[in-house]
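> Sharing a model that was predicted from the sequence below.
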Amino acid sequence: MRIKILVATFVICFFASNALALSEAYKENIFQVGKLKPVDSVLKVKVGGKAPDFTLKAVSGKKVSLKDYTGKKNVVLSFVPAAWTPVCSDQWPGYNIVQEMFEANDAVLLGITVDNIPTLYSWTNQMGKLWFEVLSDFWPHGAVASRYGILRSDGTAERAIIIIDKKRIIQYIDVHDINERPDLESIMRQLEKLR
């Protein structure tokens, strides 16, 4: 499994360096945010605590609730700050390469951002087909990010990974430097602990 993670990490790094080459239109529409304050929020959840439930609209048209997975799947929440920004635009497509590793660990990935559905629809279409649900925390604006304590003062979400087990207990939290993509190997190591 470790070799698979290392290979996947290499592929993601390679993909990330070429991610914006998907199309010229895509490349020209990425907003360069510059260096941001690494973390700008105060967590309201903790490892060992019960994950707050939520129901959000997905780009697919579904309504997705965290409780839908209770007793069935481990859940990885991937919060990203904003559509059409550089790090976010290569983080999520990179997860396509490791879909089978999520499945092997009986886990589902939910991507969450405070953008609205039309924006997310356009953005994710430019990324190519993502295997996981992309959810909009747009209205009430950032309510889920706020409940978890990862809503930034500018109204965007932190770049955060939260791993929740089948009993809806939080097992891992990484509120990551917003300027960097979270380490895939750390996510997989945490998921393997839940097997």
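Thanks, I have it. Numbering: from 1, shown residues only.

> Tell me where this protein is predicted with low confidence.
1-34, 36 (pLDDT under 70).

> Go ahead and flag the most central residue of the chain.
Ser78 (2.0 Å; Cα atoms, centre = their mean).

> ok, which stretches of this structure are strands?
Here the chain has its strands, by DSSP state E, at 55-58, 63-65, 74-79, 107-113, 133-136, 159-164, 170-176.

> Taking their axis directions, the last one and strand 159-164 sit at what angle?
Which is strand 170-176. Per axes from the mean of the first three to the mean of the last three Cα atoms, to 10 degrees, the angle that strand 170-176 makes with strand 159-164 is 180 degrees.

> What helices and strands are in contact with strand 170-176?
strand 159-164, helix 184-193 (3 or more Cβ pairs under 8 Å, 6 or more residues apart in numbering; DSSP states H and E). (Glycine included, C-beta is placed from N, CA and C.)

> ok, back up a step: show me what contacts the closest residue to the residue nearest to the centre of the chain other than its chain neighbours?
Of all residues not flanking Ser78 in the chain, Gly111 sits nearest, at 5.0 Å (Cβ to Cβ, 6 or more residues apart in numbering). For Gly111, the contact set (Cβ atoms under 8 Å, 6 or more residues apart in numbering) comprises 78, 80, 92, 130, 132-135.

> Return the distance of Gly111 relative to Phe79.
Noted for Gly111: a distance of 8 Å to Phe79, by Cβ to Cβ, to the nearest Å.

> and if you look at Gly61?
Counting by Cβ to Cβ, the separation of Gly61 from Phe79 is 21 Å.

> neighbour-wise, which of the two wins?
Phe79 (26 against 8; other Cβ atoms under 10 Å).

> these two touch, right, that one and Leu109?
No: using Cβ atoms under 8 Å, Phe79 is not in contact with Leu109; the gap is 11.7 Å.

> which residues does Ile112 bridge with?
Phe79, Leu135 (DSSP bridges).

> tell me, how many neighbours does it end up with?
26.

> my guess is it contacts Leu135, does it?
Yes: at 4.8 Å, Ile112 counts as touching Leu135 under the criterion of Cβ under 8 Å.

> Pull up the overlap in contacts between the two.
In contact with both Ile112 and Leu135: Leu56, using Cβ under 8 Å, 6+ apart.

> how close does the residue nearest to Ser78 sit to Lys46?
With Cβ to Cβ as the criterion, Gly111 and Lys46 are 23 Å apart.

> what's the answer for Tyr95, then?
25 Å.

> do Asp177 as well
Taken as Cβ to Cβ, the span from Asp177 to Lys46 is 20 Å.

> Could you do Ser78 as well?
Ser78 is 19 Å from Lys46, by Cβ to Cβ.

> quick one: which two of the contacts of Gly111 are the most distant?
Val80 and Glu133 (13.7 Å; Cβ to Cβ).
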